[in-house]
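Colleague: For reference, the sequence and a predicted model appear below.
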Amino acid sequence: NTKLSIALKDLKQLDNTKTDFLHMVSHELRTPLNGIMGGMELLKTHSFSDEVMDYLSILDLSTRRLESFSYKALDITQLQTMGVSIMHLNRISLSAFVETFIREYEKVNNIQPGRLLFHSDTSKNLVEADNNYFRKVLEIIVENALQYSPEDKPVRIIVEEKDDNVVCTIKDQGSGFPGSMLESSMMAFSPGVEHQDQRTGLSLHLARMVMHYLNGELQLSNAPEGGAVVRLVLPKIVPEEEKEDK
């Protein structure tokens, strides 16, 4: 019992250290990034040679990735520190929410028609979620699916009821998830894990954390015919009038 208590204490201390590290990195990145991005916007208003413009595009993309990393790190530290109390939970129709998200995502990111295919078996699939955080989960999964699926192949998004849950399935037609990722617990900074996006794995870690605090689950698998499959599982809410009818 003493050894177990010590081990649990060490694990908690390690987890706190990771949280503190992410919080520090997020804040330390913000100040220099703001300066770099401001300078980038100014440079983009001038005319340069094609070679210089190519370098500026690479720099712009890199700084935006760093900005995205800093925001995700901050989201993770806030969730680990405050948990579900930081969320604003409300009842939503998952199919309506996902369909609206897809339309907005296509418009903002100039996605070609037919690239994202949506289907739902019902509109009465109520769940409890935080709109902002669940939208971040969808952005992470859909962006990853589009990135690794061939441009001439659609990414399918399906919302359906299964038993006591509502499930949003995102399926691409790419090479699928590496076996190491499927076998791991997908924790941030897990050693030796080859992540789908070849970066830090922070995005999927954030997505899984959000689903955890929504009393849901994020499931990863590969389709037998090829392609990655992500399932976002949330408990179904049965309206009071339907309970009374039963």
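Modeller: Happy to help now that I have it.
Colleague: what's the closest non-adjacent residue to Asn132?
Modeller: Nearest residue to Asn132 in three dimensions, chain neighbours excluded: His88, at 7.4 Å (CB to CB, 6 or more residues apart in numbering). The C-beta positions use only the backbone N, C-alpha and C, and glycine is treated the same way.
Colleague: That neighbour contacts Asp130, doesn't it?
Modeller: Yes - the pair His88 and Asp130 qualifies as a contact (CB atoms under 8 Å) at a distance of 5.5 Å.
Colleague: Of these two, give the one with the bigger neighbour count.
Modeller: Relative neighbour count places Asp130 above the other of His88 and Asp130, with 19 against 9, counting by other CB atoms under 10 Å.
Colleague: Tell me how far the closest residue to the more buried one other than its chain neighbours lies from Ser93.
Modeller: Excluding its sequence neighbours, the residue lying closest to Asp130 (CB to CB, 6+ apart) is Met87, at 3.9 Å. In this view, Met87 and Ser93 are 18 Å apart by CB to CB, to the nearest Å.
Colleague: What of Ser47?
Modeller: Ser47 is 49 Å from Ser93, by CB to CB.
Colleague: So between those two, which is more surrounded?
Modeller: Looking at Ser47 and Ser93 with other CB under 10 Å, you find the greater number of neighbours at Ser93, namely 18 against 6.
Colleague: so the more buried one bridges to which residues?
Modeller: Under the criterion DSSP bridges, Ser93 forms beta bridges with Leu126.
Colleague: Please apply the same query to Val155.
Modeller: Bridge pairing for Val155 (DSSP bridges) gives the partners Leu116.
Colleague: now do the one 10 residues further on
Modeller: When bridges are called by DSSP bridges, Asn165 pairs up with Lys162, Pro235.
Colleague: List the contacts of the residue lying closest to Ala223 once chain neighbours are set aside.
Modeller: The shortest distance from Ala223 to any non-neighbouring residue, by CB to CB, 6+ apart, is to Val229 (5.3 Å). Counting by CB atoms under 8 Å, 6 or more residues apart in numbering, Val229 makes contact with Thr169, Ile170, Lys171, Leu220, Ser221, Asn222, Ala223.
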